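J.: got a predicted model here, sequence first, then my questions.
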Amino acid sequence: AAGVIQSPRHLIKEKRETATLKCYPIPRHDTVYWYQQGPGQDPQFLISFYEKMQSDKGSIPDRFSAQQFSDYHSELNMSSLELGDSALYFCASSLVAGYSFFTDTQYFGPGTRLTVL
Amino acid sequence: AQKITQTQPGMFVQEKEAVTLDCTYDTSDQSYGLFWYKQPSSGEMIFLIYQGSYDEQNATEGRYSLNFQKARKSANLVISASQLGDSAMYFCAMREGLGASYGKLTFGQGTILTVHP
């Protein structure tokens, strides 16, 4: 079965540089979520999109922005990178079952490991 | 306040034995979902099992079952017949009902499970 695809899998950047992470959800999934997992930490929600509209926003820095495109893929853009941005970034996708946002399962991609030097 | 609490930083189990990983949650919503994910050392997040707040039966998926005690707000994961490949970090996560949040997952701190041969 098709899974969530994330690219690149690994990314090394210098401080103050920019980075773009891409996510391709499972076909026919209409919702995309982004999470950040720091070393030894649990994943923290950043932002989500439902049908290409931003649906929720978490602890995402103003330096970060994201969007979902017409083909449902999503990109997370990160500018003015800081050392503390080094983390594993997950994209997850789900198919919202009508009104039951809380029942649909989020399937995670393999993650993009970002290292900021 | 912590919404998801996993009190066991690490657990050990002998191969072929059963193990229970604890998870308690805190929510005032009536509608919510509880999830367990497995994160091997390679980093990916693998969905294991889901329990809805209105589900009267405990969820089961192969060797995984969820011991759901709503009054106690606990959703413990039971892994039967442990295998060496079960060694990983396990996260309990919750999605609360509709409202301002459209489905973000809140994770616990995780439990590292080590299966001994």
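T.: Looks like it arrived, so ask away.

J.: any idea how far the most centrally placed residue in chain A lies from B:Gln109?
T.: What sits nearest the mean C-alpha location of chain A, by Cα atoms, centre = their mean, is A:Trp34, with 2.7 Å. A:Trp34 sits at a distance of 20 Å from B:Gln109 (criterion: Cβ to Cβ, to the nearest Å). C-beta: built from backbone N, CA, C; applies to glycine.

J.: my guess is the residue nearest to the centre of chain A contacts A:Pro43. True?
T.: No - between A:Trp34 and A:Pro43 there is no contact under Cβ atoms under 8 Å: 9.8 Å.

J.: where do the contact lists of the two overlap?
T.: A:Phe90 (Cβ atoms under 8 Å, 6 or more residues apart in numbering or on different chains).

J.: who's in contact with A:Gln67?
T.: A:Gln67 neighbours (Cβ under 8 Å, 6+ apart): A:49, A:74-75.

J.: A:Leu114 now?
T.: Contacts of A:Leu114 (Cβ under 8 Å, 6+ apart): A:11-13, A:19, A:21, A:78, A:85-89.

J.: out of the residues you listed, which are inside strands?
T.: Using DSSP state E, the members of these that fall in strands are A:11-13, A:19, A:21, A:78, A:87-89.

J.: quick check: closest non-adjacent residue to A:Gly38.
T.: In this structure, A:Gly38 finds its nearest non-sequential neighbour in A:Ala87, 4.7 Å apart by Cβ to Cβ, 6 or more residues apart in numbering or on different chains.

J.: what about A:Ile12, distance to chain B?
T.: 16 Å (Cβ to the nearest Cβ, to the nearest Å).
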